[in-house]
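Enquirer: Build me a model:
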Amino acid sequence: MAVVRAEMAGKVLEVCVAEGDAVGEDQDLVIIESMKMQIPVGSPEEGTVKKVFVTPEQFLNEGDPIVELAWVSRARNADVGPGVSPRDAQKMQIPVGSPEEGTVKKVFVTPEQFLNEGDPIVELA
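Expert: As a prediction, the model looks like this:
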C-alpha cells in the first residue's frame, strides 16, 4: 500500500476517485485549490484506490494523506509521495502502526529481514 500525500497546503475542491476505483498513472485523484490556483494531484503509478482520506472543502496541510493506493508495482507499495522511484521506495524505512491495542506477545521479524505482503510481524495479546 502507498499513501499519496499533499505536496502543499490548500483546500480540496474535488475528489475524483472513490475507494475501489482502478487508476492509471497521472490520473487525477483530487483537485486542490492553493494560492488561487486549481492543482490536480495525480496518481504516481497505476493501481487501485484503497482509502480516500479527504472530502471536498477540507483544508489540507503539506504532508496530509490524500488517498491510499495499492500500486501494481509492489516495489512502490510504501508510504511515499509522488515522484519516488521504485528503487528508492525499497530503501525507505516505513513505520508500521498497530491495528489494535495490545501487548506484544511474539516478534516474527529481525532487522534487515525482507518481508512479503501479508507476512506476520508481531503477535499481540
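Enquirer: Show me the shaky parts of the protein.
Expert: 1, 72-99, 112 (pLDDT under 70).
Enquirer: Helices along that one, start to end?
Expert: Chain-ordered helices for the chain, with DSSP state H as the definition, fall at 86-91.
Enquirer: how much space is there between A70 and G118?
Expert: As for A70, its distance to G118 is 13 Å (criterion: CB to CB, to the nearest Å). Every C-beta, even on glycine, is put in place using the N, C-alpha and C of the backbone.
Enquirer: and if you look at A6?
Expert: Using CB to CB, A6 is found at 29 Å from G118.
Enquirer: Which of these two has more residues huddled nearby?
Expert: A6 (23 against 5; other CB atoms under 10 Å).
Enquirer: For that one, list the residues it contacts.
Expert: By CB atoms under 8 Å, 6 or more residues apart in numbering, A6 lies in contact with I32, V41, L60, N61, E62, G63, D64, P65, I66.
Enquirer: Please apply the same query to K11.
Expert: Counting by CB under 8 Å, 6+ apart, K11 makes contact with I32, E33, S34, E57, Q58, F59, L60.
Enquirer: Pick out the most distant pair among those.
Expert: The most widely separated members of the contacts of K11 are S34 and E57, with 14.0 Å between them, by CB to CB.
Enquirer: Pick out whichever of the two has more residues nearby.
Expert: S34 (16 against 9).
Enquirer: surely that one meets V12?
Expert: No - contact criterion CB atoms under 8 Å: S34 and V12 do not qualify, at 10.4 Å.
Enquirer: In this structure E14 contacts P56, no?
Expert: Yes - here E14 lies in contact with P56, judged by CB under 8 Å, at a distance of 6.3 Å.
Enquirer: one step back: in strands only, show me the contacts of A6.
Expert: Among these, DSSP state E puts I32, V41, L60, P65, I66 in strands.
Enquirer: closest to K51 among those residues?
Expert: Nearest to K51 among the ones in strands among the contacts of A6, with distances taken as CB to CB, is P65, at 8.5 Å.
Enquirer: Was I right to think the closest one contacts V30?
Expert: No - using CB under 8 Å, P65 makes no contact with V30, being 11.2 Å away.
Enquirer: ranges for the strands of the chain?
Expert: Secondary structure of the chain by DSSP E: the strands cover 2-5, 10-15, 22-23, 28-34, 37-42, 47-52, 59-60, 65-71, 104-107, 122-124.
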